[in-house]
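Undergrad: fold the following for me, if possible:
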Amino acid sequence: MKILVVDDSKTIRQLAAECLREMGHEVAFAENGADSLQYVADHDVDLILMDVEMPHLSGFEATKAIREVKKADWFPVIFLTTHDDDESFINGVLAGGDAYLPKPLNPIRLRYTVLAMERIYVMRVKLQQTQAELQRANQELARLSLVDQLTELGNRRQFDGNFAIQFALARRTKTPLTLLICDIDYFKQYNDTRGHPQGDACLVEVAKSIQTQLERESDLVCRYGGEEFAAILPETPLSEARRLAEAVRLDVWNKQLVHNAAPERRISISLGVATFVGQYKTPQMMLEAADAALYKAKQNGRNRVEID
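TA: Okay, here's the model as predicted:
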């Protein structure tokens, strides 16, 4: 354990340190309550031996302040005092103490009191490990709730939340925001002729193409649903949006993924683009505009980009 010994007596500090080091513990020192408070604020400790009678800031006052600083982390505090009356004992417990040792220090009592505190230390470490594992598990669950498991892109839930935020930000900062909606052409026929496992593989390949072309950290690519994908591109003007959309379309086309039920015998995608420069009142209106552009691309022959 890392043990902080707080006492204005050098003799007491040396006696305690000798005993604690023999037990295999790491020892640090503070000569008064103020120094102990500063040390705990800057370092982690597992146990404190705290003298009660110190000038300026008593051990009780220092312990109360330490408990405030370390609210989320409880470690034992053993008070060292010449007072053995009930009132002093009660005040020590109320100040945040866990044990009492009378002065002059008895090395045997010190050793076995610290040994008892080691049990608390072991439980504290296990609790911290459990909390860390739980936090990691919760973070992973939160991540999975926002990810499409097949393509590993964002899912519809992530799209909806991010799009609302980006739309509000673009409206406030008066910066352009682009939305791409992509759809794999003749995908139902692809699934019907080649089967769903091959259809899943096709979705993954298309997802990789989109992600590769839209590689800025600020861009978000999501699987919008079925064979549809959506990309949110902050601070992207229409000219750049058109170029990016065409790059995505061409990258998928150049993969030459075989599709015997399509007129060109390979996989293609159609894209609709909408760029916000103040004209849409709500995110839904912008989404509808991008979707209308996608429908127009489908109507005009597929494997193309249309702009709202």
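
Undergrad: just the helices in the stretch 151-300 of the chain please.
TA: For the stretch 151-300 of the chain, helices defined by DSSP state H, counting those that start in this stretch occupy the ranges 156-173, 187-194, 196-213, 238-254, 283-299.

Undergrad: list the buried residues for the second one?
TA: Buried positions in helix 187-194, judged by neighbour count with 16 or more other Cβ atoms under 10 Å: 187, 190-191, 194. The way it works is simple: take the backbone N, C-alpha and C, and place the C-beta from them, glycine included.

Undergrad: make CSV out of those residues and add pLDDT.
TA: Below are the buried residues of helix 187-194 laid out as CSV (pLDDT from 0 to 100):
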residue, pLDDT
187, 94
190, 93
191, 90
194, 90
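
Undergrad: would a markdown table of those residues with distance to residue 171 be doable?
TA: Formatted as a markdown table, the buried residues of helix 187-194 follow (distance: Cβ to Cβ, whole Å):
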| residue | distance to residue 171 |
| --- | --- |
| 187 | 34 |
| 190 | 39 |
| 191 | 39 |
| 194 | 44 |
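
Undergrad: quick one: closest of the helices of the stretch 151-300 of the chain to residue 19.
TA: Closest approach to residue 19 among these is made by helix 156-173 (56.8 Å; Cβ to Cβ).

Undergrad: now for the helices of the stretch 151-300 of the chain, which one comes closest to residue 305?
TA: Residue 305 lies closest to helix 238-254 among the helices of the stretch 151-300 of the chain, at 4.5 Å (Cβ to Cβ).

Undergrad: avg pLDDT for the closest one?
TA: For helix 238-254, the mean pLDDT works out to 95.

Undergrad: quick check: residue 51 vs residue 222, distance?
TA: According to Cβ to Cβ, to the nearest Å, residue 51 stands 61 Å off from residue 222.

Undergrad: cool, and residue 302?
TA: Separation of residue 302 from residue 222 (Cβ to Cβ): 22 Å.

Undergrad: got it, and residue 163?
TA: Taken as Cβ to Cβ, the span from residue 163 to residue 222 is 9 Å.

Undergrad: and the pLDDT for residue 81?
TA: Residue 81 is given a pLDDT of 89.

Undergrad: just the one 10 residues further on next, same as before
TA: For residue 91, the pLDDT comes out at 84.

Undergrad: correct me if wrong: it contacts residue 58.
TA: No. Assessed by Cβ atoms under 8 Å, residue 91 is found out of contact with residue 58, at 9.9 Å.

Undergrad: excluding chain neighbours, give the residue nearest to residue 161 in space.
TA: Distances taken as Cβ to Cβ, 6 or more residues apart in numbering place residue 146 nearest to residue 161, at 8.0 Å, with adjacent residues excluded.
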